[in-house]
Every structure is written in C-alpha cells, then in structure tokens.
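>>> Okay, sequence plus prediction incoming.
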Amino acid sequence: MSDTIPSSIDDAPREILAPVSVDELISQGRAPVKAQFLVPAAPKVAVEAVTGGAHPGGRGAAAAKKSRNQVKREKREERTGAGLLCLSFIHGTCKFGDTCRRNHDVTAFLAQKEPELPGRCPFESTGNCNYGVTCRWLSKHKTHDEFTQQHLDALKEATAT
C-alpha cells in the first residue's frame, strides 16, 4: 500500500487531487482507500419538493399529521362513544341503568349499523351467536333470541312507515 492517498474526489478529477498520508487520514478519522477504488461523486442537482398543496399555517405536509395524544384521545372516544351499544343491555339488564355510558337505543343502533358482511356467521355452527343484535351477519341467522327478534320487528316497522 502506498504512503499517500488522494484527499478528496468530490471536487477534482483524480489527476489533480492532492496526496494525503495514510497516518494523516487515520488521525482525521477517515478510512485510507486506494485511489483506484474511489468513484467520483455524481454532481448535486437542486430539486424542488413536490407538495400536495399549501396547508394553513405554512407548515406543508406536516400540518396534516396528528399528534400521538390526539390519536389516543380519538381512539378512546371511539371506544367509549355513544354509538356503541351496551352489551350488558343486550344480554339482559345493564347494572348501570341510566348512568351507563353506552347506548341503550337498539333501534337507533340498527338504523346506523354498518352494512353486513358477505358469507355466514362463524357462530352459526355452534347454534347461537353471542353478539346478538351487534352481529355483522344478523340477517343470515336462522334463529334469533326474543330480545333480538323484538328489535328487528321494531326496525322493520320503523322503516316501513
């Protein structure tokens, strides 16, 4: 290995580079590499960033990103929101009664419920579905318990009028 190595290839062709000793490169924290293995760097070109449009406040795309606490709060509100039906109320009596945070209006829940999924209910093979009114395959159930049947009839009457 030779005692001198070119200092940099970014700015000059190989013939013009000033030689630097191996000891000097090591003292600078740079790896000594033979000149024959150095590859010239591609010229740097300024490129303008493509944005999806200006956001209020001039922060660009970063303005659309939500903070971690905001995402946590939205998930918590979604879980405890009024749109969720009280499962204790479906299976019998809710011990919280009027102070329950969940919804006890089954007819309103059925009216705003997401569309049913294709296929059959996975619990039909066991005989009954524990999800009752909240099941995503409700219309495909062969039998319904009294509670579910009562509210399905009420929903049919409400949509018929």
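Thanks, I have the structure now.
>>> residues touching His104, list them.
The contact partners of His104, taken as Cβ atoms under 8 Å, 6 or more residues apart in numbering, are Leu85, Cys86, Phe89, Cys94. (Each C-beta comes from the backbone N, C-alpha and C, glycine too.)
>>> so after the helix or strand harbouring the third one, what's the next helix or strand?
Right, Phe89. Assigned by DSSP states H and E, Phe89 belongs to helix 87-91. Proceeding N to C from helix 87-91, the next assigned helix or strand is helix 106-112, under DSSP H and E.
>>> Enumerate the positions of that following helix that are buried.
Across helix 106-112, burial judged by 16 or more other Cβ atoms under 10 Å covers Val106, Phe109, Leu110.
>>> Could you export the residues you listed to JSON lines, including columns for pLDDT and distance to Ile26?
Formatted as JSON lines, the buried residues of helix 106-112 follow (pLDDT from 0 to 100; distance: Cβ to Cβ, whole Å):
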{"residue": "Val106", "pLDDT": "77", "distance to Ile26": "78"}
{"residue": "Phe109", "pLDDT": "78", "distance to Ile26": "73"}
{"residue": "Leu110", "pLDDT": "77", "distance to Ile26": "76"}
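>>> before we move on, back to that, what residues does the helix holding Phe89 touch?
Outside helix 87-91, the residues that touch it by Cβ under 8 Å, 6+ apart are Cys94, Lys95, Phe96, Cys100, Arg102, His104, Val106, Gly132, Val133, Thr134, Phe147.
>>> Over to stretch 132-146?
With Cβ under 8 Å, 6+ apart as the criterion, stretch 132-146 contacts 85, 87, 90-91, 106, 109-110, 113-114, 116-117, 119-121, 123-124, 128-129, 147-148, 151-152.
>>> Which of those are buried? Put it as a ChimeraX command.
Remark: buried members of the contacts of stretch 132-146, expressed as a ChimeraX selection using 16+ other Cβ under 10 Å:
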select :85,90,106,109,110,113,121,129,148,151,152
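>>> What mean pLDDT does the helix holding Phe89 get?
When pLDDT is averaged over helix 87-91, the result is 77.
>>> per-domain residue ranges of the chain.
Split into domains by automatic domain parsing, the chain comes to 4-37, 82-160.
>>> Starting from Gly29, give me the distance back to Thr107.
In this view, Thr107 and Gly29 are 74 Å apart by Cβ to Cβ, to the nearest Å.
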